[in-house]
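Novice: next come a sequence and a model predicted from it.
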Amino acid sequence: MTIVLTPYWSNGVQKLKMAPQAPPKPAHGLTPPTLEDSVHVIRCMKQFRSKTTNIEKYIYLSMLKEQDPHMFYRLCLDHMSEFTPIIYTPTVGQACQEYSHNYRRPEGLFVSIKDKGKIKSVLRAWPKFDDARISVVTDGSRILGLGDLGINGMPISIGKLSLYIAGAGIRPHSTIPITLDLGTNTQKYLDDPLYLGVRHKRVPTEVMTEFMDEFMHEMSVAFPKLLVQFEDFSTDHAFLYLERYRNQYPVFNDDIQGTGAVVLSGFINAARLSSAASGKPLSEHRILFFGAGSAGVGVAMQLMSFFTLEGMSEQEARERIWLVDSQGLVYKGRGKLAEHKEYFARSDYRGPPITDLLDILEYVKPTALMGLSTMSVSTLLPFLISLRFPPSTGAFTRAAIETMAALNPLPIIFPLSNPVTLSECTFQDAVDYTDGKVLFASGSPFPEISYGGRLLHPGQGNNMYIFPGLGLGAILARCSSVSDSMVEASSLGLANSLTADEEAAGLLYPQIERIREISADIALQVIRAAQQAGVDRHPELRAMNDDDLLAFVNGKMWNP
Ligand SMILES: NC(=O)C1=CN([C@@H]2O[C@H](COP(=O)(O)OP(=O)(O)OC[C@H]3O[C@@H](n4cnc5c(N)ncnc54)[C@H](OP(=O)(O)O)[C@@H]3O)[C@@H](O)[C@H]2O)C=CC1
Ligand SMILES: CC(=O)C(=O)O
Ligand SMILES: [Mg+2]
């Protein structure tokens, strides 16, 4: 049992050094006489559940993690589905939005544009830099679907790393949450006297690139064993910096690659069910992406690569995919397109722009509809929409869902935007308007539903299933870069991880309670893929058979 003897927060550096160590036994007399682990677990859960709002629960858990990390992670592992909506999406979104107001104590590393030219000294301030293995780095410019939150993005890096620790057993002191403070274009924050970041608009891309070059170089020098996960960069920068650094450093972009992997995995399991009902082979699936940003295009690329693995030519694979952005269907004759959309722009459509989702559905006749748009109609126009639709109705309206149901015996509908208020539709709507036939996954969690005497389980198509295992595998393989094949291996590893019971219950993703087991399996596949790609730097692992390698992976996991 860990009992905190230090003051609540006196010195960030000292505390960070202490947190991950086995908790020291306090001297006799300094704790109540009958304080016992088994009872204290109950006490902590009672305190947690007594909080009436999710943000209070978030604050309680942040304090618990700070004061008693072993208890925090123990509870995380034992109550994964209850904790993830708090420490991660959707509540982490609110924690980000309110970060500058709720701020209590330092956590993570802040690297500011003002540090340009001397980033090295900022990184050196990090305690335990010898142990650093994984960093989640955000610039706060597109946090979930909430837009540019500037420095307030820090809780997303912290939350993702908590999932690395809980979900893949990464040692707490090997993680570095980082926020790059490069300004914000959100006026509300610039005007807020409590805002904690630099008070100016975002710097131009040329300046940011000079900053990023220095940052990545100094990171590789200060933390030679570090894997970097880019998180929630605005789409243009997400693609730019992934391409710029991916062959130079061990780095991946969670929104492009992690999301690609998790959605492919859910799609594989959904397509199996849908094809069995419709008789359509994989080669006849038609996937419509509502949203063509880093996430939408990232998933489209992952699907494409899977289709080619399944024997389609590149051209055939690309033809399975349609993108929709804020201007409607993305096609070649539409005018100038952002670079990341060009590859999937349709060349077979020549009419005027089609902007209405219902018209697009009628034209494309998709088997699968993926929402990665950040937009929910009800969020955009709450008042107007409330006049016409129930309040929960999002961009996937009743008519859109019914169209999908008319086109397919088992329609695949994945509203993947986060947090839950930005989901393109609710699970309830998807079930009601398809008469319970929907194959569903959302980015943030929805509750199960009882329908027609059956209990229906919504899938959670969130990269949280992928990045812990992908990161663990990449770290253990000591990879020099993260290859596409490693990302693909993580996806196939997840798709194959359903148990017979989970399959029988119609799940598309495994139960999150099994995250450790899943992460270990994914890590094993990722290590093998790294070896095949020749990017591993841990030759001893090559000689191991799969059983021994899995035992090695499990043995490396930190346990609270
Ligand atoms: N479930 C998961 O694991 C993940 C979910 N996400 C979620 O995906 C969402 C998108 O992220 P990301 O791709 O990085 O963000 P972007 O802002 O880059 O992309 C949003 C896309 O949606 C389009 N869009 C916006 N409004 C509309 C509209 N009214 N109609 C049609 N299309 C619209 C945009 O069009 P245009 O290009 O014209 O601006 C753009 O293509 C976020 O909500 C994020 O939380 C992201 C990563 C992982
Ligand atoms: C889940 C995630 O990474 C996102 O919504 O950005
Ligand atoms: Mg993200």
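Specialist: Alright, I've got the coordinates. Ligands and ions are numbered 1, 2, ... in the order given.

Novice: identify the residues contacting the residue nearest in space to the middle of the chain.
Specialist: The chain has Asn463 as the residue nearest its centroid, 3.7 Å off, counting by C-alpha atoms, centre = their mean. For Asn463, the contacting residues are 254-255, 258-259, 261-262, by C-beta atoms under 8 Å, 6 or more residues apart in numbering. Just so you know, the C-beta spots here come from the backbone N, C-alpha and C atoms, and that holds for glycine as well.

Novice: helix, strand or coil: sort out the residue in the stretch 351-500 of the chain positioned nearest to ligand 2 for me.
Specialist: Nearest residue of the stretch 351-500 of the chain to ligand 2 (C-beta to the nearest ligand atom) works out as Asn418 at 3.7 Å. Assigned with DSSP: H, G, I helix; E, B strand; the rest coil, Asn418 falls in the coil class.

Novice: C-alpha coordinates for the one helix or strand Trp322 maps to, PDB please?
Specialist: Secondary structure assignment for Trp322, by DSSP states H and E: strand 321-325. Extracted C-alpha coordinates of strand 321-325, given in PDB (Å, rounded to 0.1, in the frame of the first residue of the first chain):
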ATOM      1  CA  ILE A 321     -12.900   4.400 -51.300                       C
ATOM      2  CA  TRP A 322     -14.800   7.700 -51.500                       C
ATOM      3  CA  LEU A 323     -14.000  10.800 -49.400                       C
ATOM      4  CA  VAL A 324     -16.300  13.600 -48.400                       C
ATOM      5  CA  ASP A 325     -15.100  16.800 -46.900                       C
END
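
Novice: isn't Tyr58 up against Tyr88?
Specialist: No: between Tyr58 and Tyr88 there is no contact under C-beta atoms under 8 Å: 9.9 Å.

Novice: these two: which is more packed in?
Specialist: Tyr88 (26 against 23; other C-beta atoms under 10 Å).

Novice: show me what Phe230 is bridged to.
Specialist: On the basis of DSSP bridges, Phe230 is bridged to Val137, Asn253.

Novice: three-state assignment of the residue of the chain most remote from its centre?
Specialist: Relative to the C-alpha centroid of the chain, counting by C-alpha atoms, centre = their mean, Gly29 is the outermost residue, at 44.3 Å. Put simply, Gly29 is coil when judged by three-state DSSP.

Novice: for it, give its distance to Leu35.
Specialist: Distance, Gly29 to Leu35, using C-beta to C-beta, to the nearest Å: 12 Å.

Novice: and what of Ser141?
Specialist: Remark: distance between Ser141 and Leu35 (C-beta to C-beta) = 45 Å.

Novice: looking at these two, which one has more neighbours?
Specialist: Neighbours per residue (other C-beta under 10 Å) separate Ser141 from Leu35, with Ser141 holding more: 25 against 12.

Novice: report the contact partners of Gln525.
Specialist: Contact analysis of Gln525 by C-beta under 8 Å, 6+ apart lists 473, 489-490, 492-493.

Novice: can I take it that it is in a helix?
Specialist: Yes: judged by three-state DSSP, Gln525 forms part of a helix.

Novice: rewinding a little: contact partners for the residue farthest from the centre of the chain?
Specialist: Applying C-beta under 8 Å, 6+ apart, no residues contact Gly29.

Novice: against Ala270, how distant is it?
Specialist: Relative to Ala270, Gly29 is positioned 59 Å away (C-beta to C-beta).

Novice: which residue packs closest to Asp484, ignoring adjacent ones?
Specialist: Ser305 (6.8 Å; C-beta to C-beta, 6 or more residues apart in numbering).

Novice: meant to ask about Leu149, not that
Specialist: By the measure of C-beta to C-beta, 6+ apart, the closest residue to Leu149 outside its immediate chain neighbours is Ile143, 4.5 Å from it.

Novice: could you pull out the helices in the stretch 101-250 of the chain for me?
Specialist: For the stretch 101-250 of the chain, helices defined by DSSP state H, counting those that start in this stretch occupy the ranges 119-124, 154-168, 187-190, 205-222, 235-245.

Novice: which strands and helices lie in contact with the first one?
Specialist: With contacts defined as 3 or more C-beta pairs under 8 Å, 6 or more residues apart in numbering; DSSP states H and E, the packing partners of helix 119-124 are strand 109-112, helix 205-222.

Novice: low-confidence stretches in the protein?
Specialist: Counting by pLDDT under 70, the chain contains low-confidence ranges at 1-23, 375-393.

Novice: so which residues of it form strands?
Specialist: Per DSSP state E, the chain carries strands over the ranges 109-112, 134-138, 175-181, 227-231, 251-253, 287-290, 321-325, 328-329, 368-371, 412-415, 439-442, 449-451, 454-456, 459-460.

Novice: quick one: which of those strands is nearest Glu339?
Specialist: When those are compared by C-beta to C-beta, strand 321-325 sits nearest Glu339, at 13.2 Å.

Novice: give me the packing partners of the closest one, helices and strands only.
Specialist: Using 3+ C-beta pairs under 8 Å, 6+ apart as the contact test, the elements touching strand 321-325 are strand 287-290, helix 294-309, helix 357-364.

Novice: out of the ones you listed, nearest to ligand 2?
Specialist: Closest to ligand 2 of the helices and strands packed on strand 321-325, according to C-beta to the nearest ligand atom: helix 294-309, at 6.8 Å.

Novice: ok, the closest one near ligand 2 or not?
Specialist: No: judged by C-beta under 6 Å from any ligand atom, helix 294-309 stays clear of ligand 2, getting no closer than 6.8 Å.

Novice: tell me if that helix is near ligand 3.
Specialist: No: contact of helix 294-309 with ligand 3 (C-beta under 5 Å from the ion) is absent, the minimum separation being 7.7 Å.

Novice: gap between that helix and the chain center?
Specialist: Centroid separation for helix 294-309 versus its chain: 16 Å, with C-alpha atoms, centre = their mean, to the nearest Å.

Novice: is ligand 1 contacted by that helix?
Specialist: Yes: Helix 294-309 lies within reach of ligand 1 by C-beta under 6 Å from any ligand atom, at 294-296.

Novice: run through the neighbouring helices and strands of that helix.
Specialist: Contact here means 3+ C-beta pairs under 8 Å, 6+ apart; on that basis helix 294-309 packs against helix 235-245, helix 259-278, strand 287-290, helix 314-318, strand 321-325, helix 339-342, helix 484-495.

Novice: out of those, which is closest to Asn54?
Specialist: With C-beta to C-beta as the measure, helix 259-278 is the member of those nearest Asn54 (23.2 Å).

Novice: do that closest one and ligand 1 meet?
Specialist: Yes: under the criterion of C-beta under 6 Å from any ligand atom, helix 259-278 makes contact with ligand 1 via 259, 262.

Novice: residues of that helix that come out buried?
Specialist: By neighbour count on 16 or more other C-beta atoms under 10 Å, the buried set for helix 259-278 is 259-271, 273-275, 278.

Novice: what is the burial count for the residue nearest to Leu149?
Specialist: By other C-beta under 10 Å, 26 other residues sit near Ile143.

Novice: ligand 1 contacts on the stretch 401-550 of the chain?
Specialist: So the stretch 401-550 of the chain meets ligand 1 at 416-418, 422, 443, 461-463 (C-beta under 6 Å from any ligand atom).

Novice: try it again at 8 Å.
Specialist: Taking C-beta under 8 Å from any ligand atom as the measure of proximity, the stretch 401-550 of the chain contacts ligand 1 at 416-419, 422, 442-444, 461-464.

Novice: perfect, that will be all.
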